[in-house]
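K.L.:
Have a look at this fold, sequence not included:
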């Protein structure tokens, strides 16, 4: 790996991925993001072979991991215990989101010869996720708990492993399925915290996390479109426009990709307004929903 201060973005991303402590991972990620966005890091990657991307990022062993089916119910934020459980779950999700953002940069940026805008978009996503983690972890402390106090599952990273050789699949599953699911459920979660008298958590989710997660889904949609359309036109610029005909082809490819890499149908109800803001309308996801699957 290159000298710190003279490293590429991919080398810096690997440093983040190989940092085990999630708080330090978030801090380091923010530092790297600032350097890239300010122009202190200017080279995305070297032409020479890079250090391999780890199959699993470094993680501390202080969080007890269980299968998703063994996770205790989170409740509806009506009690302190439930509020702690929900925030703990969100903190854990954000800790993985940090790794997912740096992983897509390190794993696919050079391999797919992605334009600079791709790196910048996911650096911004990574920086947001680190901020979400830090703020939610601090809120969990204020609620009298801490990250690692409750069990968690690693379903998000299971999906990352399943899509580790296919950028289209990674973008579709992580950003247009899992992250979009977050858009669907966050308004209800916010309402539950507010109804439970926890305005501070509700405000954090509503004013910081929710609007930024929309931009993360938008990045997934944008680069899914780009990768597919570039396969048809190798000279495609990152500042591209999509015709109606091409959009229909992209959506068909999205359906094929989700069905190949995601188990089962998508679960409504969908947050149509937030998804539309992120750049994808009902034609993207409704054919993949429970009702559509049950009639095929």
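P.N.:
Sure, I can see it. Bear in mind that the values here come from a model prediction, so they are computed numbers and not experimental data.

K.L.:
On the three-state scheme, the most centrally placed residue in the chain is what?
P.N.:
Per C-alpha atoms, centre = their mean, the C-alpha nearest to the average position across the chain is that of residue 97, at 4.7 Å. Under the three-state scheme (DSSP: H, G, I helix; E, B strand; the rest coil), residue 97 adopts helix.

K.L.:
What of residue 205?
P.N.:
Here residue 205 is helix, with the state taken from three-state DSSP.

K.L.:
Now do the contacts for the nearest residue to it once chain neighbours are set aside.
P.N.:
For residue 205, ignoring the flanking residues on the chain, the nearest one in space by C-beta to C-beta, 6 or more residues apart in numbering is residue 190 at 4.9 Å. (Glycine included, C-beta is placed from N, CA and C.) Residues near residue 190 by C-beta atoms under 8 Å, 6 or more residues apart in numbering: 202, 205-206, 210.

K.L.:
which stretch of helix or strand covers residue 190?
P.N.:
For residue 190, the element it lies in under DSSP states H and E is helix 179-195.

K.L.:
Buried residues in that helix, which are they?
P.N.:
179-184, 186, 189-190, 192-194 (16 or more other C-beta atoms under 10 Å).

K.L.:
Return the member of those nearest to residue 229.
P.N.:
Using C-beta to C-beta, residue 180 is the member of the buried residues of helix 179-195 that lies nearest residue 229, at 20.6 Å.

K.L.:
Where does pLDDT dip in the stretch 151-296 of the chain?
P.N.:
Residue ranges of the stretch 151-296 of the chain with pLDDT under 70: 291-296.

K.L.:
all helices of this protein, in order?
P.N.:
Counting by DSSP state H, residue ranges of the helices within the chain are 9-17, 22-38, 80-108, 116-142, 155-162, 167-170, 179-195, 199-204, 210-232, 244-261, 272-278, 282-285, 290-294.

K.L.:
distance between the fifth one and the chain's centre?
P.N.:
A distance of 11 Å separates the centroid of the chain from that of helix 155-162, by C-alpha atoms, centre = their mean, to the nearest Å.

K.L.:
Kind regards, and thank you for your time.
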